[in-house]
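1. Please find the sequence and the predicted model below.
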Amino acid sequence: MKVQDGSVFIFPVRSVPGIVDEGHLKAFLENPRILKVMVGAAGDLRAFYRDSIKLWGLFDLDLAYKVMKYQNLAENIHCP
């Protein structure tokens, strides 16, 4: 995750399982008032769902690009 000041954080969820609940990562990801921007989030979303995390407040740049492409060029937007 990159924050406004330019800092980048990586969350080792598999190697530090307590980070999800005790570290409040789940609360952060499920908070709809915090915007999360990702690129190609489908795989991450499947992993979050598997871990009972329902991500809210997500803007997926890859999906947005596909929608814009469809709107402007009528191209197929099927996601893999």
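-> That came through, no problem.
2. only C-alpha atoms for contact and neighbour calcs from this point on.
-> Noted.
3. Neighbours of Ile10, how many?
-> Per other CA atoms under 10 Å, the neighbour tally for Ile10 reads 7.
4. got the contact list for the nearest residue to Ile34 once chain neighbours are set aside?
-> Counting by CA to CA, 6 or more residues apart in numbering, Gly57 is the residue found nearest to Ile34 once chain neighbours are left out, at 6.1 Å. Gly57 sits next to 30-36 when contact means CA atoms under 8 Å, 6 or more residues apart in numbering.
5. got TSV for the residues you listed, with distance to Phe9 and neighbour count too?
-> Formatted as TSV, these follow (distance: CA to CA, whole Å; neighbours: other CA atoms under 10 Å):
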residue	distance to Phe9	neighbour count
Glu30	17	17
Asn31	18	16
Pro32	20	13
Arg33	20	11
Ile34	16	12
Leu35	16	13
Lys36	13	19
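6. how about the nearest residue to Phe59, chain neighbours excluded?
-> Closest to Phe59 by CA to CA, 6+ apart is Val37, at 4.8 Å.
7. what's near enough to touch that neighbour?
-> Contacts for Val37 (CA under 8 Å, 6+ apart) come out as 58-61.
8. low-scoring stretches of the protein, by residue?
-> Low-confidence segments of the chain (pLDDT under 70): 75-80.
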